[in-house]
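S.K.: using only what follows, build the 3D model:
(chains A and B)
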There are 2 protein chains.
Amino acid sequence: MINPDRLLRNLHDLRGFGRAGNGVVRRCLSPVDMESRHWLVCRMQDAGLDARIDGIANVIGRSANPGKALLLGSHSDTQPTGGWLDGALGVIYGVEVAQALQENPATRHLTIDVASWADEESHYLGLMGSRSFCDELAESEIDAAHNSDGHSLRAALAEYGLEQRPRLHLEPDRYLGYIEAHIEQGPWLELEQQRIGVVTSIVGMRDLELSFSGQQNHAGTTPMHLRRDAAMALFDFVQILNRAFSEIRGDNSVWTIGRVALTPNAPSIVPGLAECNLQFRDPEQARVEQMQQCVFTLIEEFNRNNEVHATIRIRDESARAVAMHDSLQAALAAAAEKHAPGNWRHMPSGAAHDAQVLAMHMPAGMLFIPSIGGISHDFTEDSREEDIVLGCQVLAEAVIQLLDGA
Amino acid sequence: MINPDRLLRNLHDLRGFGRAGNGVVRRCLSPVDMESRHWLVCRMQDAGLDARIDGIANVIGRSANPGKALLLGSHSDTQPTGGWLDGALGVIYGVEVAQALQENPATRHLTIDVASWADEESHYLGLMGSRSFCDELAESEIDAAHNSDGHSLRAALAEYGLEQRPRLHLEPDRYLGYIEAHIEQGPWLELEQQRIGVVTSIVGMRDLELSFSGQQNHAGTTPMHLRRDAAMALFDFVQILNRAFSEIRGDNSVWTIGRVALTPNAPSIVPGLAECNLQFRDPEQARVEQMQQCVFTLIEEFNRNNEVHATIRIRDESARAVAMHDSLQAALAAAAEKHAPGNWRHMPSGAAHDAQVLAMHMPAGMLFIPSIGGISHDFTEDSREEDIVLGCQVLAEAVIQLLDGA
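M.R.: As a prediction, the model looks like this:
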């Protein structure tokens, strides 16, 4: 049904754009990322699609066939130390399914569009391309966006001549649904020796920046009771937070303090400023909101009882918890059972995906293949070739069932 | 007895080497630090001393007079964002006292040596110059030393032609004692409206690097119970430590976590490595040892109960708690009472000083003047001119009493 050699060759060719050892460095709107987008346009054209790069750097290929369409895709940009599969897998799956079905007289009539959404990895703006496509990205947000080097998004778009191009938007009633394939990025499929994950829901995520302001001072001459130690305040708050979150958490809640910055961060100086990012996720949006409310309440209480003053900034609230659509789950499950009988499972996605955005506007589904060692966002990220091929077969099967049954 | 104009002029002239706003940047063995050392040699020569820069960058001026000598000094290197007085005060006090007493027929016979010890502020090696002078600095330690830019101490010494010069060492039986004047670097004198502090003891200090090794992972896809989160381990350990230290602490114990480094320090990645510096001080050396033993015991327990593995490295144990000598305290107290009756106090030093090293080899004493706002190691560090002048008068008075009474 699909062409495994072509699938793997295209994945390895895409890997060549920004290759770094086993991994890839292909931040959105870098020169090598733009080269890969032009290459993707050609691959979509090979699949018979009318393909272009739009005004926000999305690569979108449209089928000329009539009737309801399925939209397949993911993202081809990477993290600073990216793995070669990550989002690239779902984009090349889309290309392969479109091309394979177009080559076969029995399926040539099926209407399949393919997309590579810009900047899923948040070099400028998280989930940027899919939000633009779904009319959820304001011009003002584009105006304000910079990458971590201070380079503005507007300047980057202008550099590649994209600023005059229209941003393509969702056409009402065109789509039966959106399906995104992705590596799992977690340990479960491998641990349970299963080969396909049919995603039930994607967790909602919130990223808060907490900032504690005290008084910088000499670590030898400032008595403990006169200190306003910003770092100790942060450490204390984390304990309060862990206790509170443990009480309201669900089975799949996670929270992380992944970044800490002390000022001046010197061994013999009492820190005057301590900042951190607190990120939490849950498959139920209501619990995400509850966790955020909890943090605000705790910080308010903390400020009543402390001489160090804490503040909160919401850094990212774009990823809302959503359920995958029943009809797409059912089609993916049936296809998985056909090609890997007994070797697949239903599972939630702990990571954010463009499907989260699309799911608010059409039925959406996701398919996972196993990650070796559960590793992702790392040069060593990998998946077995037979799993890569199987995942694409399952996707093609589900697409045919959905479109032919429609 | 002293010349206030010359004292202030010399202090301001020294401030000119590396001036940055109100403060000074004069890291040990930087070009501007070496210029200031050549300038100091001239000032010591003005005071009638046989002065030179030795093989470790100490500037030492010796009196040709016979009889027991007093050694006066401090350090003229600064922190990365240094105040203009800090150690410079004690060095220029030494020069002024030597010169003023040499100019006066009644005191010309008194034997006064002056020193500016290299690298008290630990750009390469903490208390480097005073330890070299007291034969506490091994060649192997010099071989291994680098600054934070990775520049080796040997290379820095060679750059300025110091590598062939002998290191000057303490001459047995020459000295009656060592007196170091310094700004307080704390809030107490100002808070209590007093003008002179006679130091009773200098705290001992230990700086430990704690390192927590877990497993880096995706902050969305890694369930809480499967995480080996290095940052959370560090936060938990700080609470255990705070409880334990609260039980064994003395009235003047202090501890600080001034530096934290997470790897990779990204909001959506569970940290695989968390490092921090734990620094603690106490006026009693036995308690410093007890606190260190406590940390080692807690880390051992922690490792038995955790999947994150913690290790300790002793980063700095050079500053031992020492008492100032009774005879020098008495002379400084009498001089303070004469020039500022009722407006002085005895007090411990919470900061480390070269006097800590010298005190193991001869009677040592220290004199503090008030720091405005208790601020030091900051460009805004300052003291009132009348306090600067008074401190030098008190020092000169005590020196005369000690040497004439000897």
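
S.K.: neighbours of A:Ala334, how many?
M.R.: 14 (other CB atoms under 10 Å in any protein chain shown). (C-beta placed from N, C-alpha, C; glycine too.)

S.K.: could you measure from it over to chain B?
M.R.: Distance, A:Ala334 to chain B, by CB to the nearest CB, to the nearest Å: 26 Å.

S.K.: contact partners for that residue?
M.R.: A:Glu397, A:Ala398, A:Gln401 (CB atoms under 8 Å, 6 or more residues apart in numbering or on different chains).

S.K.: ok, of these, which one's closest to A:Asp135?
M.R.: Set against A:Asp135, the nearest of the contacts of A:Ala334 by CB to CB is A:Ala398 (27.2 Å).

S.K.: quick check: that closest one is in a helix.
M.R.: Yes: counting by DSSP: H, G, I helix; E, B strand; the rest coil, one finds A:Ala398 located in a helix.

S.K.: and the helices in the stretch 101-250 of chain A?
M.R.: Listed in chain order, the helices of the stretch 101-250 of chain A (DSSP state H, counting those that start in this stretch) span A:128-133, A:139-144, A:153-159, A:188-191, A:230-248.

S.K.: other SSEs contacting the second one?
M.R.: Put plainly, it is helix A:139-144. Packed against helix A:139-144 by the contact rule (3 or more CB pairs under 8 Å, 6 or more residues apart in numbering or on different chains; DSSP states H and E) you find helix A:153-159.

S.K.: pull out the buried positions in the helix it packs on.
M.R.: A:Leu153, A:Arg154, A:Ala156, A:Leu157 (16 or more other CB atoms under 10 Å in any protein chain shown).

S.K.: hmm, back to that, turn the contacts of A:Ala334 into JSON lines, including neighbour count.
M.R.: Shown next, in JSON lines, are the contacts of A:Ala334 (neighbours: other CB atoms under 10 Å in any protein chain shown):
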{"residue": "A:Glu397", "neighbour count": "20"}
{"residue": "A:Ala398", "neighbour count": "28"}
{"residue": "A:Gln401", "neighbour count": "16"}
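
S.K.: pick the one among those residues closest to A:Asn58.
M.R.: A:Ala398 (23.5 Å).

S.K.: okay, now the domains of chain A?
M.R.: Here the domain assignment for chain A is A:4-203+A:320-404, A:204-316, based on automatic domain parsing.

S.K.: please identify which of those is closest to B:Thr81.
M.R.: Closest approach to B:Thr81 among the domains of chain A (CB to CB): domain A:204-316, 8.0 Å.

S.K.: and the closest one, how far out from the chain's middle?
M.R.: Offset of domain A:204-316 from its chain centre (CA atoms, centre = their mean, to the nearest Å): 25 Å.

S.K.: average pLDDT for it?
M.R.: For domain A:204-316, the per-residue pLDDT values average out at 95.

S.K.: also stretch A:59-72?
M.R.: If you average the pLDDT over stretch A:59-72, you get 97.

S.K.: list the buried ones in it?
M.R.: Under the neighbour-count criterion of 16+ other CB under 10 Å, stretch A:59-72 has A:Val59, A:Ile60, A:Gly61, A:Arg62, A:Ser63, A:Asn65, A:Ala69, A:Leu70, A:Leu71, A:Leu72 buried.

S.K.: quick revisit: for the buried residues of helix A:153-159, give me TSV that also has pLDDT.
M.R.: Formatted as TSV, these follow (pLDDT from 0 to 100):
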residue	pLDDT
A:Leu153	97
A:Arg154	97
A:Ala156	97
A:Leu157	98
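
S.K.: any idea which of these is closest to B:Glu35?
M.R.: A:Ala156 (46.4 Å).

S.K.: list the contacts of the closest one.
M.R.: A:Leu29, A:Tyr124, A:Asn147.

S.K.: for the second one, grab phi and psi.
M.R.: Recorded main-chain torsions at A:Tyr124 are phi -110, psi -50, according to degrees, to the nearest 10.

S.K.: report how many residues lie close to it.
M.R.: Using other CB under 10 Å, A:Tyr124 is surrounded by 26 other residues.

S.K.: so of the domains of chain A, which one's packed in deepest?
M.R.: Comparing the domains of chain A by mean neighbour count (mean count of other CB atoms under 10 Å in any protein chain shown), domain A:4-203+A:320-404 comes out on top with a mean of 21.

S.K.: next, the distance between the ends of that one.
M.R.: Its first and final residues considered, domain A:4-203+A:320-404 spans 23 Å by CA to CA, to the nearest Å.

S.K.: for the residue of chain A positioned farthest from its centre, what are its contacts?
M.R.: Most distant residue from the mean C-alpha position of chain A: A:Thr221, 48.2 Å away (CA atoms, centre = their mean). Going by CB under 8 Å, 6+ apart, A:Thr221 touches B:Glu184, B:Gln185, B:Gly186, B:Pro187, B:Ser349, B:Gly350, B:Ala351, B:Gly374, B:Ser376.

S.K.: quick check: the residue nearest to the first one when sequence neighbours are not counted vs B:Pro267, distance?
M.R.: Nearest-residue entry for B:Glu184: B:Phe368, 4.3 Å, with adjacent residues in sequence omitted and distances by CB to CB, 6 or more residues apart in numbering or on different chains. Noted for B:Phe368: a distance of 45 Å to B:Pro267, by CB to CB, to the nearest Å.

S.K.: tell me who's in contact with the residue nearest the centre of chain A.
M.R.: When chain A is reduced to its mean C-alpha position, the closest residue under CA atoms, centre = their mean turns out to be A:His353, at 3.5 Å. Residues counted as contacts of A:His353 (CB under 8 Å, 6+ apart) are A:Ser74, A:Glu120, A:Glu180, A:His182, A:Ile202, A:Met366.

S.K.: residue boundaries of the strands in the stretch 201-350 of chain A?
M.R.: Here the stretch 201-350 of chain A has its strands, by DSSP state E, counting those that start in this stretch, at A:204-213, A:217-218, A:254-263, A:269-270, A:273-282, A:309-316, A:322-323, A:344-349.

S.K.: swap in the stretch 51-200 of chain A?
M.R.: Remark: strands assigned in the stretch 51-200 of chain A by DSSP E, counting those that start in this stretch are A:59-62, A:69-74, A:111-116, A:175-183, A:196-202.

S.K.: so which of these comes closest to chain B?
M.R.: Chain B lies closest to strand A:196-202 among the strands of the stretch 51-200 of chain A, at 9.3 Å (CB to the nearest CB).

S.K.: got the angle for the closest one vs strand A:344-349?
M.R.: In terms of direction (axes from the mean of the first three to the mean of the last three CA atoms, to 10 degrees), strand A:196-202 departs from strand A:344-349 by 30 degrees.

S.K.: each with direction, which strands does strand A:196-202 pair with?
M.R.: Strand A:196-202 has the following strand partners under DSSP bridges: strand A:322-323 (antiparallel), strand A:344-349 (parallel), strand A:364-369 (antiparallel).
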